Structure formats: C-alpha cells, structure tokens
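*Asks:* here you go, sequence then predicted model.
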Amino acid sequence: MKKQCLLLILLLLSVVVSAQDFRFALITDLHVRSNDSLAYNDLRRTVNQLNKTPDISFILVTGDITEEGDRASLLKAKGLLDQLNVKYYIISGNHETKWSESGSTDFAHVFGSERFQFEYNGFKFLGFATGPIIRMMDGHVAPQDIVWLEEELSLNPKQPTILVTHYPLLPTDVDNWYEVTDAVRKYNVKAFLGGHYHSNRLFFYDGIPAFINRSNLRDKMDGLGGYSIYDVTKDSIIVSEQKIGQDLHQWGGYSLTETYYTEDNSIYERPDFSINKEYSKIKEVWVTNIGKTIYASPVVSDNNVFIGDDTGAFYSISAKSGNVNWTFQSGNRIVGTAAVSNDIVVFGSADATIYALNTTNGKLIWKYSAKEPVLGSAIIDNGTVYIGASDHTFRALNLKTGKLIWEYTEVKGYIETRPLIYQGKVIFGAWDNTMYALDKVTGRLIWTWDGGLSRMHFSPAAVWPVAAHGKIFFTAPDRVMTAIDAETGNTVWRTKEPMVRETIGLSEDATRVYSKTMQDSVVCYSTLESEPKRLWITNIGYGYDHAASMPVEKDGIVFGSTKNGVIFALDGLTGKLLWKHKVGNSLIGTIYPLSASECIFVSGHGLVGLLKN
C-alpha cells in the first residue's frame, strides 16, 4: 500500500512539474569573426546579461554563429558561449555551411553535432540544419534530416514539440520547405523558432506558428545588441525582446491550446511544374533517388555516371538504366566534382582525402591525405590530377600512383572550384579574392589577379573559369563578368551590365561565353574582342537565381540549370530558348550533356537522372 501511495505521489508531482511555466532564451545571428571584436563584444554583453538573469532554464542558439564559417571564428564564439551558466543548444546557419573551409564539418567537430534533441517540462525540442552546404542556393533540409525528424516525432506523436531552424521554412528561403511541413504536420508541433532575417516577426509555415528573432548584433538605430526571451505557460508561448541593459519588451505569442493547422495541406503553396506540360516532349528517361543530398555535379565516362553525396558515398550509376553499379564510402561529405581518365575516377572528400577508384568495380587504387578537407573539383590532364584543398594548397598528383608531383602552398584561401588547364598553366580561384595561375609542370606561380575585390564573399572561387583566344573568363559574386590576359593576368575587360554571378560556359568553337544573370536570363558575350561585346540575351523566366551551375554547350545546344529544379536548353548561336523542364525544387548541378538531345542531371534533392528531348 505504501508503494502504491508513493507511486501516486510521484505521478502527481510529475504532472505538477510538467505543467510548470518555464522561461528560456534564444540568441541568433551572432556573426562572430576571428579577426574582429564588434560582434564578439555584442555576444559577450549578451552572455554577461544572461548570466545575471534568473529563471532561464536553457538557451537556444539558432545559427549564423560566425560570419565566414571558419574554425577560428567557431572556436572564438564557443569560448564565450561556454561561459553561459545554463546549458545551451546550438545549430548552424548558412554562414557556417555556405562559406566553410571545412565543408561544414567543423561545426559538428566544435559543438558536437549538427542537430539537437532534448525534452523539458513535457516539451520536446528538435533543432536541425537548413543549409545550404557550400553551394549558393536556397536553404535546404537534407533528406536524411527529414527522416530523423519524423523518427523523433513518431516516438511520442502527441508530445508538444518546438522545432528550431535557422532559415524560415518559407518558399522564398528553403527550397523543400513543404517536405518538412508535410512531414511534421501530423504531429503536435507548437511552433518553429529561428532567425536569419535579423528582425522580430511572426509567421505561419503552411499553417504552423513560427517566430523569427532579431540578430544578437547591435541595432543601427540605437546601437544596442539583444536577444529573445520566451515564456511558456500552460496555454501560451510568449516572446519578448531583451535589448542589452533595457527592460523586456513583449512583441508576440501564440496559443498552445488553439488548433492552427491540420494534416490537410491542400490550401498551401507548392512548386509549379506547369512548364513540363508546355514542353511535353521532354521526358525523364530514368530517375534514381539516392536519398541523400547531392552538392557535386556529375561526370560521365563509358556510359556510367559518377557522383558523390552529402554523406560521403560515391556512386557509379549506369547512364542507360539508372541502376547503381557500385558505391564507395568515404569518411565525410563530397561536394567537389570528380574527374575520370584511363579507367580511374578521382575525387576529394571533406575527410581530408583525395581518392582514386577503379571505374569498373569501385575498388580503391590509391588515396592521398591532405591536411584539411578537400572541397575542390578535380581535373585530369596527361596523366596528372590537379585538385585544390582547404589547407591552402593546390596539388598535382600522378594519376596511376597518387604520388605527389608538386604542391603550391601559398594559396591564401580555401579552394572549391574546378581548375582550368590552358596554355601550360593551371588556373583556379580561391576564397581569398584571388585567381591563381601556376605552371602546370612545376607548380611555380606565374601570376595572380585580385581585381581590387574588397570582400572574401566576392571571390571568383565557385565559378569554373574558361579560356579562349588568350583570355581567361569568369564571373564572381560581385556580379561582374571578367576577362583577363592569360599570359600576364592583367585585366582585359570587366562588365557589370548583365548582373551575372558565378556561372560561365564556353562555346564549342570558343567564340562565345555564356552566363546566367541573377534574374531570368542567359547572356552571351564574344570571346574575340578586347572590350565586352554582348551577342544576345534570352529571357528564360526562371526568376531570381544565384546558383553556381555552369552553362555547357554540346553539339550547338547550351544546357543550363537553376537553384529551383529547372533545366533548360538554348541554341548557342542565336540564344533561342528550345525547352525547359522542372525535375524538382532543389539545386540542379552543372548539366552533363550526352548529345544535343540527352543530358544527365543531379539534384540537391538526391536525384540522378537522364533527360531526353
């Protein structure tokens, strides 16, 4: 009897505890730099004030911890966050994933995980990344993270749950927002919390309540940094702004008892696939869903497609059937594009290794260890592999043996691009505002170009440069198309007219270069002139786009792709739009044309496929 009474008392106490009100804090968009004190001091003031604030149960830190995603900045921010008197839970933002010398692996190394899950007073809290990783694209929730999310929610479907992201789960911010909201709407999700907008706002993500919170950085208006305080009661979740040294200001809240949404998603916006009816002759011959995000672009050899994914798996897939021939598992994500020659496929991994595999069976031939992640794409020329890494080093390796031929160690930034071989030089950009030209035989530096660029984020680092008639052509995030002299590295011309960004392609006859503009259009310029000469511009109607996917010409047809799943084809000579096709709503990498009528594509959603006209 005494045991029964004790159990009853404990049960009643647990109910009382679960029903208690509680308070937590949320800090977001810190943007700490390793070499700057402004954002660091804003965070320091926040930490100091939170440590003096009573009744804070825990703290959520929701992304953009740093400005440039580098390890030094992450460690600097962690040093302050670790001084908090209560436990904090943290996720990454786009500044940790897009601009990341580690391929977005340092975040988990520094903070322990890319996700979090915990329970407090009967509530479950789930935090997960919204990317994008390395590629300039919309936010994206990895398929494997959506699976994890559903697994966690299904453990107790009726448990009230708070979901924590960096990006807002809106069509303008996350390309597969609807996959997330559809996955969670059958559970008891009370709200999403996050940041990114640097302001306080209330939203509904397909009917699910959401809070977007101010940045921790000081305001331009009053010079005060700040964060959010959340109060959870038995019937409400209420948020207040806490400016440093000021009183709390309540600005929003939602009911915890009201029903805001149902499982029915029919009234909410979804991606529009109507262009596929307009161009109905375009067929998806086969599509293979590997179930993991793909950030690399495909390469094809001997009727096989080679591609790596976000989990570090590398695949050989039949270009005829879409069947997987073999897989090889590296130690971390693969974001660079592979190169193939003489039955050997070479690629880099964020596990700081360059791999060479047998194309027939996927067996390891050799591997080379770098000092940091290898995010660069490979290129092979006359039995030599050229590839850059995040250890500020560009290497030339023997294709058959993996033996180092030479290395250039004076790169100031990390390397993401695919290099260009031209006139005895290997040419590449890095995230240090610089384009480099090295002697391809010796690795000796011939010239560098920086164009007076003032910010790391303007670097010509994601674009794959092309060359013709003694000139190197590229575009960068400064929205300028540039031609430089291949012999000297001097600027020949630069133009801001087309508003292009990180995409460039060369015609097969080397007389034209193509680039996507940031709004709807593809532009074509002559390679023959000493000043910019536009030949044509075509409005394709893809909307706003900033994805670094290169236009590629095959048999006179230019193939291109966008961040929202659209593939298109143009006549290279006239710019006439031939067709468009939408395969999903996520980033499509650089297309690999097989002929004028067939092309291989890969999607951030994890799709590999063959289109045919």
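*Replies:* Nice, thanks for sending it over. Worth saying up front: this structure is predicted, and the values here are computed from it rather than measured.
*Asks:* buried residues, stretch 273-282. List them.
*Replies:* 275-276, 279, 282 (16 or more other C-beta atoms under 10 Å). Every C-beta, even on glycine, is put in place using the N, C-alpha and C of the backbone.
*Asks:* can you lay out those residues as a markdown table showing pLDDT?
*Replies:* Shown next, in a markdown table, are the buried residues of stretch 273-282 (pLDDT from 0 to 100):
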| residue | pLDDT |
| --- | --- |
| 275 | 96 |
| 276 | 97 |
| 279 | 97 |
| 282 | 97 |
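*Asks:* just curious, which of these is nearest to residue 557?
*Replies:* residue 282 (12.8 Å; C-beta to C-beta).
*Asks:* doesn't residue 513 fall inside a strand?
*Replies:* Yes. According to DSSP: H, G, I helix; E, B strand; the rest coil, residue 513 belongs to a strand.
*Asks:* torsion angles phi and psi at residue 208?
*Replies:* When read as degrees, to the nearest 10, the backbone of residue 208 gives phi -90, psi 130.
*Asks:* kindly report the same for residue 483.
*Replies:* Here is the backbone geometry of residue 483 (degrees, to the nearest 10): phi -120, psi 130.
*Asks:* gap between it and residue 432?
*Replies:* Computed as C-beta to C-beta, to the nearest Å, the residue 483 to residue 432 distance reads 21 Å.
*Asks:* tell me which of these two has more neighbours.
*Replies:* Neighbour totals were compared for residue 483 and residue 432, and residue 483 leads with 25 against 19 (other C-beta atoms under 10 Å).
*Asks:* for that one, list the residues it contacts.
*Replies:* 471-473, 491-494, 527, 532 (C-beta atoms under 8 Å, 6 or more residues apart in numbering).
*Asks:* run through the bridge partners of it.
*Replies:* Beta bridges link residue 483 to residue 473, residue 493, judged by DSSP bridges.
*Asks:* switch the buried residues of stretch 273-282 over to JSON lines; also include distance to residue 502 and secondary structure.
*Replies:* JSON lines is the format used below for those (distance: C-beta to C-beta, whole Å; DSSP: H, G, I helix; E, B strand; the rest coil):
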{"residue": "275", "distance to residue 502": "24", "secondary structure": "helix"}
{"residue": "276", "distance to residue 502": "27", "secondary structure": "helix"}
{"residue": "279", "distance to residue 502": "26", "secondary structure": "coil"}
{"residue": "282", "distance to residue 502": "26", "secondary structure": "coil"}
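*Asks:* quick one on the thing from earlier: ok, so of the contacts of residue 483, who is nearest residue 590?
*Replies:* Among the contacts of residue 483, and counting by C-beta to C-beta, the member closest to residue 590 is residue 473, at 15.9 Å.
*Asks:* where along the stretch 201-350 of the chain do the helices fall?
*Replies:* Using DSSP state H, counting those that start in this stretch, the helices of the stretch 201-350 of the chain run over residues 275-278.
*Asks:* got it, and the chain?
*Replies:* Secondary structure of the chain by DSSP state H: the helices cover 2-18, 38-51, 71-81, 94-97, 106-111, 143-154, 177-184, 275-278.
*Asks:* adding distance to residue 190, write those helices out as TSV.
*Replies:* TSV is the format used below for the helices of the chain (distance: least, C-beta to C-beta, whole Å):
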stretch	distance to residue 190
helix 2-18	14
helix 38-51	24
helix 71-81	26
helix 94-97	25
helix 106-111	25
helix 143-154	12
helix 177-184	11
helix 275-278	38
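*Asks:* now, of those, which is deepest in the fold?
*Replies:* Ranked by mean neighbour count under mean count of other C-beta atoms under 10 Å, the helices of the chain are led by helix 94-97, which reaches a mean of 26.
*Asks:* and that one, what's its mean pLDDT?
*Replies:* Regarding helix 94-97, the rounded mean pLDDT is 94.
*Asks:* okay, buried residues for stretch 49-67 please.
*Replies:* Buried-residue list, stretch 49-67, by 16+ other C-beta under 10 Å: 49-50, 56, 58-67.
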